[in-house]
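Participant: Here's a sequence, model it:
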Amino acid sequence: MSHIPPLDPNVAARKGFRESEERIKRSWKAVEVTRDDGGWTVRLDGRTPKTPAGATLTLPTEAAAQLVADEWAAQGEFLIPGTMPATRLASTAIDRVSQTREPVAAEIAAYAGSDVICYLAEHPTVLIERQQAEWGPWRDWAARELDVVLHPAEGIVHRAQAPEALERVKALALDMDDHALTALATAVPLLGSAVLGLAVQRGALSGEAALDLSRLDEAFTEERWGVDEEAAARVAAHREEAALLQRWFEALRS
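Facilitator: So this is what the prediction gives:
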């Protein structure tokens with residue numbers, strides 16, 4: 001989403017978490033999580049790493065802080081930011097989303113206006129039937145559990161959803177804390193669906209199951225024409241991201 005661009009992969013830390021063009025060598029041995037007045041804080045040999053903006057890396061739950069701490073503990077001789085997605089989520093929540101909650105929530109709601117589970121194929125019949133069978137229950141779930149009523153359409157022509165449905169999605173997003181909102185704002189474009197993102201956030205769907213639902217069309221094509229290596233690698237990366245987001249949501253709920 002435009003309001004929360006990904007952190008620069010060169011963002012790193014020695015005494016904190018700051019930008020650097022150099023490879024950062026690991027300078028700590030012990031990694032722990034401690035409780036303080038603001039939440040749960042990660043500590044490296046007793047020092048607290050910082051976000052790119054210089055804020056303390058503090059999380060709302062012990063489980064979320066442990067996810068971040070585990071990434072720091074797993075680093076080898078040199079810090080590799082690309083292997084630290086939970087740290088990036090936490091830093092983005094603290095530095096960016098906390099300052100842009102309203103527009104981030106509005107973008108999540110915009111996805112509901114063109115949610116992937118609302119657009120049924122015009123043909124072939126077997127794909128249409130699969131979409132109806134697998135997407136329909138989640139539209140029903142959104143209406144029942146979230147009070148978000150979205151209507152399906154056939155083909156690629158946009159069908160506007162009711163404004164009250166989009167406002168409800170926005171309200172649900174704004175009701176979250178910064179860390180959950182950040183993860184939702186990451187999950188929704190990954191899945192192309194506000195409904196599936198909210199289902200993962202609430203524990204109604206696993207990240208992998210949500211990803212599978214989001215790519216029914218793509219999987220249908222793969223069944224007939226096969227999968228090339230580049231596409232397989234992309235899907236594998238998306239599965240890892242979806243699984244991490246699931247763990248993040250679970251940690252925030254604990």
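Participant: Check which helices and strands the longest helix that the chain contains sits against.
Facilitator: Longest helix of the chain, by residue count under DSSP state H: helix 229-253. On a contact count with 3 or more Cβ pairs under 8 Å, 6 or more residues apart in numbering; DSSP states H and E, helix 229-253 meets helix 62-73, helix 85-95, helix 178-191, helix 194-201, helix 207-214. From N, CA and C alone the C-beta is placed, and that goes for glycine too.
Participant: List the buried residues of that helix.
Facilitator: By 16 or more other Cβ atoms under 10 Å, the buried positions in helix 229-253 come out as 235, 238, 241-242, 244-252.
Participant: Save the residues you listed as CSV, and put in pLDDT and distance to residue 65 too.
Facilitator: Formatted as CSV, the buried residues of helix 229-253 follow (pLDDT from 0 to 100; distance: Cβ to Cβ, whole Å):
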residue, pLDDT, distance to residue 65
235, 95, 30
238, 97, 26
241, 98, 20
242, 98, 22
244, 98, 15
245, 98, 17
246, 98, 18
247, 98, 13
248, 98, 12
249, 98, 15
250, 98, 14
251, 98, 8
252, 98, 11
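Participant: out of these, which one sits closest to residue 95?
Facilitator: residue 248 (16.7 Å; Cβ to Cβ).
Participant: Now do the same contact list for the closest one.
Facilitator: Shown in contact with residue 248 (Cβ atoms under 8 Å, 6 or more residues apart in numbering): 64, 67, 86, 89, 179, 183.
Participant: can you pull the contacts of the last one?
Facilitator: So that's residue 183. Shown in contact with residue 183 (Cβ under 8 Å, 6+ apart): 89, 201, 245, 248-249, 252.
Participant: what's the closest non-adjacent residue to it?
Facilitator: residue 248 (4.9 Å; Cβ to Cβ, 6 or more residues apart in numbering).
Participant: Pull up the gap between the one you found and residue 205, please.
Facilitator: Relative to residue 205, residue 248 is positioned 14 Å away (Cβ to Cβ, to the nearest Å).
Participant: Report how many residues lie close to residue 50.
Facilitator: If you count neighbours by other Cβ atoms under 10 Å, residue 50 ends up with 18.
Participant: what's the answer for residue 216, then?
Facilitator: Quick note: residue 216 (other Cβ under 10 Å) scores 18 neighbours.
Participant: What confidence value was assigned to it?
Facilitator: In the predicted model, residue 216 carries a pLDDT score of 96.
Participant: is it true that it touches residue 135?
Facilitator: Yes - judged on Cβ atoms under 8 Å, residue 216 makes contact with residue 135 at a distance of 7.4 Å.
Participant: now the strands for the stretch 1-150 of the chain?
Facilitator: 11-12, 18-19, 31-36, 39-44, 58-59, 119-120 (DSSP state E, counting those that start in this stretch).
Participant: and among those strands, the most buried is which?
Facilitator: Among those, ranked by average contacts under mean count of other Cβ atoms under 10 Å, first place goes to strand 58-59 (a mean of 23).
Participant: That one: how far from the chain's middle?
Facilitator: Counting by Cα atoms, centre = their mean, to the nearest Å, strand 58-59 is centred 18 Å from the centre of its parent chain.
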